[in-house]
Structures are given as C-alpha cells and as structure tokens.
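Trainee: Compute the structure for the input listed below.
(one chain, ligands or ions: 1)
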Amino acid sequence: MTREIVASAPGKVNLHLGVGEARTDGYHDLVSVFHAVDRREVVRLLYDGTPVAGPAVESMRTTFFVDEPDEDIDGPNNLAWRAVEAVVARAGVAVPRVRIEVDKHVFVAGGMAGGSADAAAALVASNALVAEFGEALPEEELLEIAASLGADVPFSLMGGTALGTGRGDKLVEMLSRGRLHWVFINPKIGINTGGAFALLDDLRHGNPALLPHMDATELSQALTSGDVARVAAALHNDLEAPALSMRPVLKRVLGVAGEAGRRAIVSGSGPTVAVLCDDADDARFAAEHLAERFDGYEVFVAEGPDHGAQVERVI
Ligand code: C5P
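Mentor: Numbering: from 1, shown residues only. Next up is the predicted model:
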C-alpha cells in the first residue's frame, strides 16, 4: 500500500525590506518584516517500499497551479529534494525511498518565497517520515537545516508575521492586530533574487539617495494598531529600485494597482506586486479589476498572517 505524508507552507510578502551593505559571504544584512499569506504550497511524500540506506529521494514531480517556468525544476537541486535528503541524513534513520510531489500555488521566481515554502513543507514532511521509522529531529535542528537551504526558509517554517535580521534568518515573532487582505499580481517576468541584490549595490554607487532603510519601528507600531491605512503608509521595500530598473513595466503595474487598493509594493525581490486592500471584498473587487486591466497576468487574492509549515495528513 502506498503511504503518503502531506505538508504545506505559506507564501510571503515583505511588509518592510531594508537591505544593508553587502557582506563578505555574498549576503546582505537585512531588516525585514515577513508576513505569511494563505496562498500555500503543498508537498507530498509518497512511499511504499521498505527502509533502505542511501539517498532518500527517488523522484520528484511538480504540478503547476501558476505559470510554468521554461526549465525543468524537478531535480536534486530543487530545495524540496535537498530538504528531504538533509533531514534524513541528519536524523541518521533508514527510510523507504520517496517520491516527492509538489503542488505549486506560489509564483516561481516571483519574490514570494515559493521555493522556500516548498523547502519548509518538505522539511516538516520528511521529519514526519523520519518519525515513522526512528526519532524525529528537534525543532532547532530543522531550523538549522532551513537556514542552510536559503535565507527565507526559516521564515517559511515559522509563518505569521516576523522581524528578520541577519540574512533574514534570525527571526522574532511580531505582534499584529487584525487580518491584512491582499491582491498579488505576477507580470510573468521572473527576477533572480541574487541579481536584484547585486543590482541594488550597483545602483547605490551611482545614487547615494538609495539608503538602507533599517528601521521598521513605524511599521511595527502600525501593525499593532491594526489600522490598515497606517500599515499601508508604512510599507517599504529597498529592492523596489532594482526590480523597477530590471522590469520597467512594473512602474505602470504599481501605479494601476495602487489605485485599485490602498497601496501597492513590489513583493520581496519581485516581480510580484502586492496590493494591500481594506477588506476581503475590496481585495476581490480589486483583483477582478486588475485581472481585466492586465490581461495575461496572473492575479490572486490572499490574506495574512497565516501559519507556518505544517504536516496536514499522514496516510
Ligand atoms: O538564500 P537564498 O538562496 O534565498 O538567496 C538567494 C540570493 O539572494 C543569495 O545568493 C544572495 O545573492 C541574495 N541575498 C542576499 N542577502 C540576503 C538574502 C539573499 O544578498 N539576506
């Protein structure tokens, strides 16, 4: 009988993204306010054999509920694949070989940490797998593996709303009142995260006005007040400049989207545009309008904060 472990993890938008100087390890220090939304990736681990030593993953298949990228992403370099191998190796437990299935609901290379969400869901799923055949890893070890896979993966594990410092992987939960209602628009022109950070460094050489925004105090107070207008006014993203420079069409998308909701910003490194709306009805209305206006772009509504990666079912 085929057994199955199903887990999910949220996409995210950065409510604040302050990017400091480049560090010697190729990363940048951040002051980031991550906010998880209820657009979730689903990862299934399927297995029917007996435990064996050696690599845990047999194959991987992604089903796209968003636009499919040109290149095949189902290989050993995929973060979900690497996450499963890392957990099984660290736990030192023999498990049956698994097939990974990913249902992709978060845009690929969109600035919403979809790949990190796949990794986070795969981490909790493989820890549940390990628990079936031995002892599961403690939370701290999962977090360590998460940080080694990518700077956004620890937040995908944690979810909610959180202040991230360091590479964005040192996290503290933040207080917030009420729900935030969003529309997300993907202009289908993926941006490479590393490329966006590197371009920001270049742009800063020529433009000293592009200062790092390392203070999220106003946003933090706005979140605890629960006042959407105040949250909207406090949203900020240092990576917006490179995103606009790489994809000039985003200027128009931001303009139109900002009119449709309270405020539009680039999500993470982009190109996804996140539109904060007053409530769920406004978000639905704005989404319909934007889908008509930008024929061919992908548009969906989501709300946050949403919970982090979790196992949904063990069958
Ligand atoms: O950690 P992750 O693989 O998601 O990061 C992708 C790239 O984004 C890194 O290789 C780095 O170039 C850039 N990055 C950065 N500073 C961060 C996070 C990411 O420069 N804090």
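
Trainee: Residue of the stretch 201-315 of the chain closest to the ligand, please.
Mentor: residue 269 (7.3 Å; Cβ to the nearest ligand atom). No exception for glycine: its C-beta is placed from N, CA and C like everyone else's.

Trainee: can you tell me which residues contact the residue sitting nearest the centre point of the chain?
Mentor: Residue closest to the mean C-alpha point of the chain, counted by Cα atoms, centre = their mean, is residue 113 at 2.2 Å. Residues in contact with residue 113 (Cβ atoms under 8 Å, 6 or more residues apart in numbering) are 11-12, 106, 152, 155-156, 268.

Trainee: which stretches of the chain form helices?
Mentor: Secondary structure of the chain by DSSP state H: the helices cover 79-91, 114-133, 139-149, 153-158, 193-206, 217-225, 228-234, 240-246, 249-260, 280-293.

Trainee: which stretches of the stretch 51-200 of the chain have low pLDDT?
Mentor: Scanning the stretch 51-200 of the chain for pLDDT under 70 picks out nothing.

Trainee: Give the residue spans of the stretch 201-315 of the chain that score low on pLDDT.
Mentor: The model of the stretch 201-315 of the chain has no residue with pLDDT under 70.

Trainee: that older thread, just give the nearest non-adjacent residue to the residue nearest to the centre of the chain, would you?
Mentor: Distances taken as Cβ to Cβ, 6 or more residues apart in numbering put residue 152 closest to residue 113, at 4.3 Å, once the chain neighbours are dropped.

Trainee: Then residue 176?
Mentor: In this structure, residue 176 finds its nearest non-sequential neighbour in residue 223, 3.9 Å apart by Cβ to Cβ, 6+ apart.

Trainee: hang on, the earlier thing: excluding its backbone neighbours, what's nearest the residue of the stretch 201-315 of the chain closest to the ligand?
Mentor: Spatially, and ignoring its direct neighbours in sequence, residue 269 is nearest to residue 196 (3.8 Å; Cβ to Cβ, 6+ apart).

Trainee: that older thread, quick one: the residue nearest to the centre of the chain from the ligand, how far?
Mentor: 8 Å (Cβ to the nearest ligand atom, to the nearest Å).

Trainee: cool, and residue 24?
Mentor: According to Cβ to the nearest ligand atom, residue 24 and the ligand sit 12 Å apart.

Trainee: Enumerate the residues of this structure near the ligand.
Mentor: 26-28, 30, 150-152, 167-168, 193-194, 197 (Cβ under 6 Å from any ligand atom).

Trainee: Turn the residues you listed into TSV, including neighbour count.
Mentor: Shown next, in TSV, are the residues of the chain next to the ligand (neighbours: other Cβ atoms under 10 Å):
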residue	neighbour count
26	10
27	16
28	21
30	27
150	22
151	20
152	28
167	19
168	28
193	19
194	11
197	19
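
Trainee: Among those, which lie within strands?
Mentor: The strands, defined by DSSP state E, take in 28, 30 from the residues of the chain next to the ligand.

Trainee: Would you reformat the residues of the chain next to the ligand as CSV and include distance to residue 37?
Mentor: Formatted as CSV, those follow (distance: Cβ to Cβ, whole Å):
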residue, distance to residue 37
26, 28
27, 25
28, 24
30, 19
150, 18
151, 19
152, 14
167, 22
168, 17
193, 18
194, 24
197, 23
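
Trainee: Residue 283: which of the residues of the chain next to the ligand is nearest?
Mentor: For those, the closest approach to residue 283 (Cβ to Cβ) belongs to residue 152, at 23.9 Å.

Trainee: my read: the closest one touches residue 167, true?
Mentor: No. Residue 152 lies out of contact with residue 167 (Cβ atoms under 8 Å); the separation is 9.1 Å.
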